[in-house]
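> Quick one, what's the 3D model for this:
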Amino acid sequence: MLKLSKYVLYDIVRSKVILAYTAFLFIVSFSLFNMEDHSSKAILSLLNIILIVVPLISMIFTTIHYYNSYEFIELMLSQPMSRRKILLSEYGGIALSLVSSFIIGVGIPVLLFSPDSVGFSLLFTGISLTLVFTSLAFLTSVKSRDKARGIGFALLLWFYFALIYDGLILMVLFTFSEYPLEKATLVLSALNPIDLGRISIMLKMDVSALMGYTGALYKDFFGSASGMLFTMGIMFFWIVAPLWWALRVFKQKDL
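Below you'll find the predicted structure:
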């Protein structure tokens, strides 16, 4: 499995898309840190970009690469290798390449200009979102044989998590504004890895006061050791659950 992952990684590293993705992240990160007087302002601007771009690129690149590698996957299935090893090797190669791009593109500028808890939280969020949306992309790709449908469903998932979900939450909070929903928002935040990452970093930047009583509740919970473990556990669940589902579908799928 390790040899297959190395082959997949070597094939991806030569891709111009990965090189362009790395260069884009590095140029944007370096420019923001040089433009802003305080690193916290650059982190906040960079956060808004990461929460949109990283999930989108992870979903689209993973989906397209999976469909382009379909013949290679079929060839591997003819060899004495289990389907589990083949899919995990593909996932390992793609995830490692995307994470490496993020670490080079964002990690280096962050370590140079903001080597503190906020900077490391940003890196943790970016890496986690990369792995989460790579897993979701594998799930959508495995479930659909048609390339156009698979890419369309991946884009729909990204659109839901990045844009639609926040609108739905605001509608729920507005509709039931007369009820105490502060604790319910903790549960709702766990249903979207993008929101969870945004909240954890904003609390590190001490802007929870701008969020009113809900922000104070977030700070009391997510700022504690149990809250940090909760965040890491939910992110781990978002990584593992879609990948486990994709493995089950892939094992039973007639290729």
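> Every contact and neighbour count from this point should use C-alpha atoms.
Fine.
> next structured bit after the lowest-mean-pLDDT helix or strand in the chain?
The helix or strand of the chain with the lowest confidence, counting by mean pLDDT, DSSP states H and E, is helix 212-222 at a mean of 53. With elements assigned by DSSP states H and E, the helix or strand that comes after helix 212-222 is helix 225-252.
> Pull up the gap between Glu71 and Ser189, please.
Distance, Glu71 to Ser189, by CA to CA, to the nearest Å: 39 Å.
> Sorry, slip of the keys, the one I care about is Gly152.
Gly152 sits 25 Å away from Ser189, going by CA to CA.
> Settle it for me: which of those two has more neighbours?
Remark: of Gly152 and Ser189, Ser189 carries more neighbours, 19 against 15, as counted by other CA atoms under 10 Å.
> Point me to the helix or strand that includes the more buried one.
Element membership of Ser189, judged by DSSP H and E, is helix 182-190.
> do Gln79 as well
Gln79 belongs to no helix or strand when assigned by DSSP H and E.
> do Ile57 as well
Using DSSP H and E, the secondary-structure element containing Ile57 is helix 39-68.
> what about the following helix or strand past that helix, distance to the chain center?
Proceeding N to C from helix 39-68, the next assigned helix or strand is helix 70-77, under DSSP H and E. Using CA atoms, centre = their mean, to the nearest Å, the distance from the centre of helix 70-77 to the centre of the chain it belongs to is 27 Å.
> tell me the mean pLDDT over helix 70-77?
Along helix 70-77, the predicted local confidence has a mean pLDDT of 75.
> now the residue most central in space within the chain: how far from Val172?
Most central in the chain under CA atoms, centre = their mean is Leu129, positioned 1.6 Å from the mean C-alpha point. When CA to CA is applied, the distance between Leu129 and Val172 equals 25 Å.
> so where is the protein shaky, pLDDT-wise?
By pLDDT under 70, the low-scoring segments of the chain are 1-14, 173, 176-185, 205-227, 254-255.
> still on that earlier bit, the helix holding Ile57 - contacts with which helices or strands?
helix 16-35, helix 117-143, helix 147-159, helix 193-204 (3 or more CA pairs under 8 Å, 6 or more residues apart in numbering; DSSP states H and E).
> buried residues in the longest one?
Within helix 117-143, the residues that count as buried by 16 or more other CA atoms under 10 Å are 118-142.
> ok now that helix, how far from the chain's centre?
Its chain's C-alpha centre lies 2 Å from the corresponding centre of helix 117-143 when counted by CA atoms, centre = their mean.
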